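[1] Provided below are the primary sequence and the corresponding predicted coordinates.
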Amino acid sequence: MDWISGLFAIPSALQAVVVLSLVCTVGLGLGKIRVAGISLGIAFVFFFGIAAGSFGLQVDEQMLNYCETFGLVIFVYTLGLSVGPTFFGSFRHEGTLFNLWSLGVIFLGTIMSVVLSYAMNVPMSSMVGILCGATTNTPALGAAQQALQHAGHSGGPAALATAVTYPLGVVGVIFAMIFLRKFFVKPSDLVVHSGAEDDHTYIGQFVVLNPAVNGKTIAEIAQGTHRKFIISRIWRGDDVIVPMSTTVLKTNDNLLVASKRDEVPAMEILFGQQVNRDLNKEQVDWNHLDTKVESRVIILSNGVLNGKKLGQLHLRDAYNVNVSRVIRADIKLLATQDLVLRYGDRLTLVGQPEAIDHAETFLGNSVKTLNEPNLAVIFLGMLLGLALGTIPLNIPGMDSPIRLGIAGGPIIMGILAGAFGPRLHFIAYTTRSASLMLRKLGLSLYLACLGLDAGKDFLDTVMRPEGLLWIGLGFVLTVVPIVIVGLIALRLKKFDFGTICGILCGSMANPMALGYANDTIKGETSNISYASVYPLGMFARVIIAQILVMFFVR
């Protein structure tokens, strides 16, 4: 059986793959177990990694560092890529507010660390390390060590304090979210609020009874109101009309109208009576509504059309078809003329079958193309992100430059690729399933390495005289700011719980806690808010670590 022990005991590339695969397999399996209705999901990979490391299961240090870095880069880059299309738009709506809440968590934790340093008689040279571990921010630790060395102090105590508090700093965010959800979150808090791109598209049938629109063209009606709507069909007697901007409406016309959900009363005032007919079910056979006009979903796979506005395609004039809805991932968007199209969007076209055939050729509709992600671009994006992370940024008042690091650079590059890649014909599309798989693969690999690394010295460090005190202080610095800010955010009812979790995880730079939030909360709101606050939060943590050393270390 020597060959079996060799798989786990002899350091090699093969042994690293075997050990990490074992940790991920067992951790992910145990993460599905629910106790009192609660499961830790992907977070259990980290726990099992600590346990395995404590019992002597190790991987060569260089291999471990490589796998940990590679996993983290895959995770943060694909996360940025997925939220990129909505990232900058969120700042026109709630992104700035997200960052203010995140800074609230950061500043509260900083104030607490100063108070606890004096109250518990812990030197700031150690407390700054406790804070870095409690907030799982290794770039901040690096900045603090540089500042300590510049001030003539050793960076050893800070590093040791970070090592002790890091494991509970990772899981403390999860415990805080579980606590909030168990005792304070109501079912209404789990309902996703309207996002920047989610128009809550509603399909309704209206009968034209308003004499003010009788005899007017659709273009004239649209110009006379600030309401946004799309008329995809007109039933006039036995005729079915695919409406154009020049189509004239007449009394008793039946209109199939797509609008925002909250615009329905306005549509009833504008056109007339709404027909009592539910057209918003998940499965509606639109082609049985009539036999003369077809409704077909076409996938945008023509790369040339990436980033173009829907109005620029002139589908109505060129192909005599209407676009009633656009579905992006799981979000239904109203097909307005200024809607910017993205690679992989699903467009609902209405028109004659022959006309839709011609439009389909123009739009692409190549499912095979979409099922084959452009891996070269993904690797190129990670390469550029890592290069971006190494650029030194000089900030006035700071003795040494700061860097975005191996996490900050790739996530920002992913956001930029997702947001601007389509407009530059830089195709960075991955299917939703492929994106989720890459994210979970990267996060699992990262957590397995992190757990193994923390586990080897975990018990020895805890047994040090000051070890338990440091762990307790770190846990307080992790949990208390999150619970306080989370409770205030819940009480104000400004965000759904998924968004709040993303803000809290981003303020702590904690990808594992984000993974737990994704496993237990529906929707992408946690990812969007996480990516929105992560860059600024990371900068703030790095700067704060140096300020604490400059003003409080003597």
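    Great, that's in hand.

[2] hey, let's count contacts and neighbours off CA atoms from now on
    Noted.

[3] so which helix or strand takes in the residue lying closest to Gly498 once chain neighbours are set aside?
    Here the nearest residue to Gly498 in space, its sequence neighbours aside, is Ser526; by Cα to Cα, 6 or more residues apart in numbering that works out to 4.8 Å. Taking DSSP states H and E as the definition, Ser526 sits inside helix 525-552.

[4] how about that helix, which residues are buried there?
    By 16 or more other Cα atoms under 10 Å, the buried positions in helix 525-552 come out as 525-550.

[5] sorry, back to before: tell me the pLDDT at the residue nearest to Gly498?
    Listed pLDDT for Ser526 reads 86.

[6] kindly provide the distance from it to Leu504.
    Going from Ser526 to Leu504 by Cα to Cα, to the nearest Å gives 9 Å.

[7] low-confidence bits of the stretch 301-450 of the chain, can you list those?
    Applying pLDDT under 70 to the stretch 301-450 of the chain picks out residues 329-331, 366-373, 395, 397-400, 402, 407, 421-432.

[8] can you map out the helices along the stretch 51-200 of the chain?
    With helices called from DSSP state H, counting those that start in this stretch, the stretch 51-200 of the chain shows them at 61-91, 95-119, 124-134, 138-150, 156-183.

[9] which residues are in contact with the shortest one?
    Right, helix 124-134. Outside helix 124-134, the residues within contact range by Cα atoms under 8 Å, 6 or more residues apart in numbering are 109-110, 113-114, 117, 138, 140-141, 144, 148, 155, 157-170, 470, 473-475, 477-478, 545, 548-549, 552-553.

[10] go again with 7 Å.
    By Cα atoms under 7 Å, 6 or more residues apart in numbering, the residues outside helix 124-134 that reach it are 113, 117, 138, 140-141, 157-159, 161-163, 165-166, 169, 470, 474-475, 477-478, 545, 549, 552-553.

[11] quick one: the strands in the protein, in order.
    Using DSSP state E, the strands of the chain run over 201-208, 229-236, 239-241, 254-260, 272-274, 294-299, 322-328, 331-334, 346-351.

[12] distance to Thr390 and mean neighbour count for these - can I get that in TSV?
    Below are the strands of the chain laid out as TSV (distance: least, Cα to Cα, whole Å; neighbours: other Cα atoms under 10 Å):
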stretch	distance to Thr390	mean neighbour count
strand 201-208	43	22
strand 229-236	48	20
strand 239-241	59	14
strand 254-260	45	23
strand 272-274	59	19
strand 294-299	38	21
strand 322-328	34	23
strand 331-334	36	20
strand 346-351	38	23
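
[13] of those strands, which approaches Leu103 most closely?
    Closest of the strands of the chain to Leu103 is strand 331-334, at 29.1 Å (criterion: Cα to Cα).

[14] and the closest one, which strands flank it?
    Sheet pairing of strand 331-334 (DSSP bridges) gives strand 322-328 (antiparallel).

[15] which other residues reach the strand it pairs with?
    In this structure, residues lying in contact with strand 322-328 by Cα under 7 Å, 6+ apart are 230, 232, 258, 315-316, 332-335, 345-351.

[16] and for Tyr319, nearest residue in space, chain neighbours not counted?
    Ala355 (5.6 Å).

[17] correct me, but that neighbour touches Arg316?
    No: with contacts counted by Cα atoms under 7 Å, Ala355 stays clear of Arg316, the gap being 10.0 Å.

[18] any idea how far the spatially closest residue to Ala159 that is not a sequence neighbour is from Val480?
    Distance criterion Cα to Cα, 6+ apart; nearest residue to Ala159, sequence neighbours excluded, is Gly129 at 6.0 Å. Distance of Gly129 to Val480, given as Cα to Cα: 18 Å.

[19] repeat that for Asn322.
    To Val480, Asn322 is 53 Å away according to Cα to Cα.

[20] contact partners for the residue nearest to Gly498?
    Ser526 touches Gly498, Thr499, Cys501, Gly502, counting by Cα under 7 Å, 6+ apart.

[21] quick revisit: can I get the strands of the chain in TSV with distance to Gly95?
    TSV is the format used below for the strands of the chain (distance: least, Cα to Cα, whole Å):
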stretch	distance to Gly95
strand 201-208	23
strand 229-236	27
strand 239-241	42
strand 254-260	22
strand 272-274	37
strand 294-299	30
strand 322-328	20
strand 331-334	19
strand 346-351	26
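
[22] looking at these, which is closest to Leu97?
    Closest approach to Leu97 among those is made by strand 331-334 (22.3 Å; Cα to Cα).

[23] kindly export the closest one (C-alpha atoms) in PDB.
    These are the backbone C-alpha positions of strand 331-334, laid out as PDB (Å, rounded to 0.1, in the frame of the first residue of the first chain):
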ATOM      1  CA  ILE A 331     -33.300  39.700 -16.000                       C
ATOM      2  CA  LYS A 332     -36.100  40.800 -18.300                       C
ATOM      3  CA  LEU A 333     -35.400  44.200 -20.000                       C
ATOM      4  CA  LEU A 334     -37.800  46.500 -21.800                       C
END
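
[24] with just CA atoms, put stretch 180-189 into CSV.
    Taking Å, rounded to 0.1, in the frame of the first residue of the first chain, the C-alpha atoms of stretch 180-189 are listed here in CSV:
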residue,chain,number,x,y,z
LEU,A,180,-29.0,38.2,11.0
ARG,A,181,-31.0,35.9,8.8
LYS,A,182,-32.1,33.6,11.7
PHE,A,183,-33.4,36.4,14.0
PHE,A,184,-34.0,39.6,12.0
VAL,A,185,-34.6,38.8,8.3
LYS,A,186,-38.2,38.7,7.2
PRO,A,187,-39.4,37.0,4.0
SER,A,188,-39.9,40.4,2.4
ASP,A,189,-36.2,41.2,3.0
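
[25] one step back: which of Gly129 and Val480 has more residues huddled nearby?
    Neighbour totals were compared for Gly129 and Val480, and Gly129 leads with 33 against 18 (other Cα atoms under 10 Å).
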